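Chemist: Below are the sequence and a predicted model for it; my questions follow.
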Amino acid sequence: GQNIDQPTEMTATEGAIVQINCTYQTSGFNGLFWYQQHAGEAPTFLSYNVLDGLEEKGRFSSFLSRSKGYSYLLLKELQMKDSASYLCAVRGMNTGFQKLVFGTGTRLLVSP
Amino acid sequence: GAGVSQTPSNKVTEKGKYVELRCDPISGHTALYWYRQSLGQGPEFLIYFQGTGAADDSGLPNDRFFAVRPEGSVSTLKIQRTERGDSAVYLCASSPSTVETQYFGPGTRLLVL
């Protein structure tokens, strides 16, 4: 199967930078996704990594190291609206090429 | 454009009753997924469709759960003889194909009393 670990909660201050880590174990890795989920709402796609390296998209960046089974999501210039859960999800061939396996999510609280 | 829509947004039912949850995917998306999310957890895969057929239903917890997608667009998740443990948010997602990004609907919050 696939094991995905990410911290349960993190806190940060408005304007700061925060890094949310995700480690995974899988066979036949075929992509890692980050989603943002505000309380009571649907997960919203943030980023996708399938090759090693950094993908940058505005204030958000995501990094992947396949050899280490490790990814992080970097949020810059934090805003109050960034308070949400951040879900790391992996797609692997051993459990079905298409479906996503999610971590439990990291709840980020941004304070003034 | 319109995103994934799900109805109802909330459903309260009694133990033992039958419920149907509906998902309207993004127009033109051939792949459709159902997930279940309990409080404080990430979404958990239930089933996915490629077109009209269920390509992988390995996540359905037992035979009380069934899903259909008869015309390759709208899908219905059906739960028979509901149990209190079925209470969760049921999320639907769609993607242009099975190898592309999945886009989620707002979910149906099911509460079984």
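Modeler: Perfect, I can see it now.
Chemist: going forward, measure contacts and count neighbours with C-alpha atoms only.
Modeler: OK.
Chemist: quick one, what contacts residue 36?
Modeler: Answering for chain A, as no chain was given. Neighbouring residues of A:Gln36 by CA atoms under 8 Å, 6 or more residues apart in numbering or on different chains: A:43-46, A:84-87.
Chemist: I was after chain B.
Modeler: B:43-46, B:88-91.
Chemist: What are the phi and psi values at the nearest residue to B:Arg64 once chain neighbours are set aside?
Modeler: Spatially, and ignoring its direct neighbours in sequence, B:Arg64 is nearest to B:Gln80 (4.9 Å; CA to CA, 6 or more residues apart in numbering or on different chains). Torsion angles at B:Gln80 (phi, psi; degrees, to the nearest 10) stand at phi -100, psi 150.
Chemist: In a markdown table: the contacts of B:Arg36, plus secondary structure.
Modeler: Output for the contacts of B:Arg36, formatted as a markdown table (DSSP: H, G, I helix; E, B strand; the rest coil):
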| residue | secondary structure |
| --- | --- |
| B:Pro43 | coil |
| B:Glu44 | strand |
| B:Phe45 | strand |
| B:Leu46 | strand |
| B:Ala88 | strand |
| B:Val89 | strand |
| B:Tyr90 | strand |
| B:Leu91 | strand |
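Chemist: And the buried ones among those, selectable in PyMOL?
Modeler: Here is the PyMOL command that selects the buried residues among the contacts of B:Arg36 (16 or more other CA atoms under 10 Å in any protein chain shown):
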select buried, chain B and resi 43+44+45+46+88+89+90+91
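Chemist: Whichever strand or helix holds A:Val90: how far from the chain's middle?
Modeler: For A:Val90, the host element (DSSP states H and E) is strand A:84-92. Offset of strand A:84-92 from its chain centre (CA atoms, centre = their mean, to the nearest Å): 5 Å.
Chemist: what are the ranges of the strands in the chain?
Modeler: No chain in the question, so chain A it is. A:3-5, A:9-13, A:18-25, A:29-37, A:44-49, A:53-57, A:60-65, A:70-75, A:84-92, A:101-102, A:106-111 (DSSP state E).
Chemist: that's the wrong chain, I wanted chain B
Modeler: With DSSP E as the criterion, chain B has strands spanning B:5-7, B:10-13, B:19-24, B:31-37, B:44-50, B:53-56, B:65-68, B:75-79, B:88-95, B:103-104, B:108-112.
Chemist: Could you tell me the least trusted of these?
Modeler: For the strands of chain B, mean pLDDT drops lowest on strand B:53-56, to a mean of 86.
Chemist: follow-up on the earlier one: adding pLDDT and distance to chain B, write the contacts of A:Gln36 out as a markdown table.
Modeler: A markdown table is the format used below for these (pLDDT from 0 to 100; distance: CA to the nearest CA, whole Å):
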| residue | pLDDT | distance to chain B |
| --- | --- | --- |
| A:Pro43 | 94 | 6 |
| A:Thr44 | 95 | 7 |
| A:Phe45 | 94 | 7 |
| A:Leu46 | 95 | 10 |
| A:Ala84 | 97 | 12 |
| A:Ser85 | 97 | 9 |
| A:Tyr86 | 98 | 9 |
| A:Leu87 | 97 | 7 |
